[in-house]
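Need the 3D shape of this:
(chains A and B)
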Amino acid sequence: MDGTKALATPANQFSTPRRNTLFRQRMIWAYIFISLPVAGLLVFSLGPILFTGWVSLHEWNMLTPPSEMPWVGLSNYVYLLTQDTIFQRALVNTFIFVIGGVGSNVILGLAFALLLNSRLRGQTLWRVLYFLPVITAPLALGVIFGFLFNRNYGLVNSLLIALGGTRQPFLASPDQALYVIIIMAVYQYLGYYIVIFVAGLQGIPQDYYDAASVDGANVWQRFRHITLPLLRPVMLFVIVTNTIGALQVFDLVFATTNGGPANSTMTVVLHMYNTAFKFQRMGRASAMAFILLAIILAITIVQLRLLRDRTQE
Amino acid sequence: MNRSPLLVSLILVVVLVLGASIAGAQEEITLRVLTHWGEEIVLPGQLAMIEAYEAANPGVKIELETVPFNDLLTKIITGQTAGTNPDIFHLYNLWLPEFTRSGLLAVPPQEVVDAIVANTSPGIVEGVSAGGQVWGWPTEVNTYLLIYNKRLLEEAGYSEPPQNWEELREMAAAMTVTDDTGAITQAGFAVWPGWDSGIVHPFASLLMSNGGRYLTEDLSATAFNSPEGLETLQLYADLLADGSLDISVPSGEFVNGRVGMTIMANWWRATLRAAEAIDYDTEVGVAPIPVGPSGSETATMSYNWLWSVASTSEHPEVAWDFIQWMNTPPAEGEPSPMGDYLVHSLGAIPSMIYDQEAFSEELGDHFLAPFVASTAYAVPEPIAAGGQEVKTKLQAEIEAVLSGMQDPASALEFAAMEGDAVLAEYAAQ
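Below you'll find the model as predicted:
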């Protein structure tokens, strides 16, 4: 049999051995192409995570070679969970920040997105205005908010006095400083979540609303039974990503209060940074990183399960 | 056999070997120097020094690396991990215990140690030592004194700054101005919240002026939780209750003419001279730390910076030579290049006695003179392993008192308990 002719016929063109060879060749190339990112992931992500876990079981000041780190077992974890009062305070502060920040971003983000998605005049201008703080440097925001909320010459206090209120210490108060930082964080990131919500709203077909209107549904009923259920995937994204980001809050606090006054705005990542680079206790800081990782993982799983189950109802 | 090719080959080999040796001998040595003196106004002086040394030492090239003070320790730590640390560090002396314990620094040659001991005060030698060993060449010395606004003091009816705490409270209250809404437009006394040294160093200076100690003599425990310490923190609480102190009007507001008195170090001079809202020559006054009720004489805390050589430097002899060259007068009666730089570029007080003498006129400036005088009695900040952590814990508790969320006794007790635990932990290592 003439092999050339046999190959030329359409029936034999995809014969099993030939297909297998092609498939194998493609797979080899696929593995070659994918191996680079996988190697990068292993070296630059998984490697450091495993190394951090290893360091968390040691005492290390980063000045001696890692091979000379004294083994301390779980004592860094025990210390953090039982004796480190600043870490415990930082955990509470971080959770307050997450609840306040994520809650505000979801509620306000959705509210403004609904407004922007309606027939509001100058929509583009409003979107730009809301998005501007997202691209503002946290340090600059920290300085501006420092002036705005200053106890003695801040604009917010001037407004309070003008409205008949009493002067508030804000950033100088251990009871109020954290909430000012939450306001600052919401101000900075709200625009981003508005954009996400607007994109989600625009993905909901108008037909559903029209059909509901024909059936006599009012605005609230359309929002409750059409908008909210269909926005759940977007909501899930916003809540999960915002929660993860909020649990890792650092720059805003570092730029405004540096954790003060009296550790009232200390967050887990800021305390981690101080522990590692100011006190040179890398083992303890690594243990904090792992505790934070566990918290983020647990919260994310809970959020995914809760929100995913509802979307499948 | 024809000998010519062999001879030519031999000559070629000899020429090549000699050439390589000469090239090797002329190979340039590069020293990397890391410091936090990086602002534009203080760079030219350093570069001029480096240029002069390079001109006098052909074959040596100095590369200057600068980072802001807040990033310096991080830079050193990460540099050590990455193996990219420079040959010469500029260090804050509180970092010495951890650095020396980890073998980060090279021991200075004996002639360097002898030169330092012979030409500085014992307090400064102590300030650059850890474990009985001098670890580097001291640069500037900083002490803390009362800085006050002469104009505001006079407007409040006083001609002289306070000498004791009673007068401090009285004058602070008199200098405080509030508007009809209760806002403090001018604070009588200010501290620097959010910054550990800005809170703890002034507190420690007041504590020492009240007869107290910061740490025990053997550095094994805190000593600030004492009757003297309690009186010191009570002073802050009293100033707060008087309305003369408000953490939302920090020491930094002094340059805007909104603060009557604060306690700061002499390195602040450059900022004060550049301030537009106050006149440095006529309005900025400096006085010894007021004496507390349990104290008998004024006291203050000092700290040092020093040049050290990395133990990983490939050219430690050259590195020490550069450091020694910077800090040695070219001729008797003249200042050292570093002394000249410290005084003229930074406005700082040099540690070396010959520099202080050579610049006696410049250091006799109304602002610097009291600081220079205070170096004679200043107590160096205790250089204890874990000292930075103790300082940060005390800062948080002092801020808790200044925020009205903690009483002085509880705050000191808690700071001491936590500080003692840190010191005990390091001592056990």
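
CA atoms for contacts and neighbours, from now on please.
Will do.

what kind of secondary structure is residue 146 in?
This is for chain A. helix (DSSP: H, G, I helix; E, B strand; the rest coil).

was after chain B, sorry
strand.

Any idea how many residues pack against the nearest residue to it once chain neighbours are set aside?
Leaving aside its sequence neighbours, B:L146 sits nearest to B:I263 (Cα to Cα, 6 or more residues apart in numbering or on different chains; 4.5 Å). Number of residues near B:I263 (other Cα atoms under 10 Å in any protein chain shown) recorded here: 27.

Now do the longest helix belonging to chain A: distance to the chain's middle.
For chain A, the helix with the greatest residue count under DSSP state H is helix A:85-117. Remark: helix A:85-117 is offset 11 Å from the chain centroid, using Cα atoms, centre = their mean, to the nearest Å.

just checking, B:P138 is part of a strand?
Yes. Using three-state DSSP, the assignment for B:P138 is a strand.

these two touch, right, it and B:I323?
No. The pair B:P138 and B:I323 fails to qualify as a contact (Cα atoms under 8 Å) at a distance of 10.2 Å.

Give me the common contacts of those two.
Shared contacts of B:P138 and B:I323 (Cα atoms under 8 Å, 6 or more residues apart in numbering or on different chains): B:W307.

which of those two has more neighbours?
Set B:P138 next to B:I323 and count neighbours by other Cα under 10 Å: B:P138 wins out with 27 against 19.

about what we covered before: show the model's pLDDT score for the residue nearest to B:L146.
Confidence at B:I263, expressed as pLDDT, is 98.

Any residues of chain B in contact with chain A? List them.
Residues of chain B lying close to chain A by Cα under 8 Å from any Cα of the partner chain are B:73-74, B:77-78, B:80-81, B:99, B:102-104, B:181-185, B:193-194, B:247-249, B:386, B:388-389, B:395-400, B:403, B:405.

quick one on the thing from earlier: mind listing what the residue nearest to B:L146 touches?
Under the criterion of Cα under 8 Å, 6+ apart, the neighbours of B:I263 are B:Y144, B:L145, B:L146, B:I147, B:A190, B:V191, B:P202, B:I289.

Tell me which residues are up against stretch B:422-429.
With contacts defined as Cα under 8 Å, 6+ apart, stretch B:422-429 is touched by B:L219, B:S220, B:A221, B:A384, B:A385, B:G386, B:G387, B:E389, B:V390.

where's the fourth one, which helix or strand?
B:A384 belongs to no helix or strand when elements are defined using DSSP states H and E.

Need phi/psi at it.
The phi/psi pair for B:A384 (degrees, to the nearest 10) reads phi -110, psi 140.

just checking, what packs against the longest helix of chain A?
Applying 3 or more Cα pairs under 8 Å, 6 or more residues apart in numbering or on different chains; DSSP states H and E, we find helix A:85-117 packed against helix A:75-82, helix A:123-131, helix A:177-202, helix A:228-247, helix A:268-273.

so what's B:W37 up against?
B:L43, B:T66, B:V67, B:P68, B:F69.

one more time with 7 Å, if that's ok
B:T66 (Cα atoms under 7 Å, 6 or more residues apart in numbering or on different chains).

Test for you: state the pLDDT assigned to it.
On the pLDDT scale, B:W37 gets 91.

How about the secondary structure of it?
For B:W37, the secondary-structure state derived from three-state DSSP is coil.

burial count for A:L129?
A:L129: 12 surrounding residues under other Cα under 10 Å.

Please read the previous query as pertaining to A:A294.
So A:A294, with other Cα under 10 Å, has 12 neighbours.

Over to B:E332?
10.

for it, helix, strand, or coil?
At B:E332 the chain is in coil, as set by three-state DSSP.

Show the contacting residues for it.
Per Cα under 7 Å, 6+ apart, neighbours of B:E332: none.
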